[in-house]
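J.: Here is my input; please provide its structure:
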Amino acid sequence: QGQFVESGGGLVQPGGSLRLSCAASGFTLDGYAVGWFRQVPGKEREAVSCISETDGRGYYVDSVQGRFTISRDNVKNTVILQMDNLKPEDTAVYYCATDYLCSWYAPGFQHWGQGTEVTVSS
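T.: As a prediction, the model looks like this:
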């Protein structure tokens, strides 16, 4: 089946940046859209961004539009989420997963990894 391995999380001050990476393990990204999601304890997992397989276009939820950038490298089997101007409300565990088309519907995605924790605090 395979899954993603997420990395790059950590503690950062408000206004800072982090670069999250998710590497596909045991499968290839070819043919899949890839989404980033995040979850805070006690809350539902929410969509953050998604990158299309067909044209590499990135989609973003309103709360991160203009601050986050998603990209993919199908040769390296990796998807990157560059997060700039981070805010305390971005604090969460971040996950990536695949689907055939981009959407914000988490249950439709597969190949979930263990996540990487992001904390934005002064």
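J.: which residues touch the residue nearest the centre of the chain?
T.: Closest to where the C-alpha atoms of the chain average out (Cα atoms, centre = their mean) is W36, at 2.5 Å. If you count contacts by Cβ atoms under 8 Å, 6 or more residues apart in numbering, W36 has them with L20, C22, A47, V48, S49, C50, I70, V79, L81, Y94, Y95, C96. The way it works is simple: take the backbone N, C-alpha and C, and place the C-beta from them, glycine included.
J.: Assumed the third one was part of a strand.
T.: This points to A47. Yes: judged by DSSP: H, G, I helix; E, B strand; the rest coil, A47 forms part of a strand.
J.: tell me the secondary structure for P41?
T.: Classification of P41 by three-state DSSP places it in coil.
J.: So what's the residue count around it?
T.: Number of residues near P41 (other Cβ atoms under 10 Å) recorded here: 6.
J.: If you rank the contacts of W36 by neighbours, which is first?
T.: Neighbour counts for the contacts of W36, by other Cβ under 10 Å, peak at C96, which reaches 32 neighbours.
J.: How about that one: what's its closest non-neighbour residue?
T.: Ranked by Cβ to Cβ, 6 or more residues apart in numbering and with sequence neighbours excluded, the top spatial neighbour of C96 is C22, at 3.7 Å.
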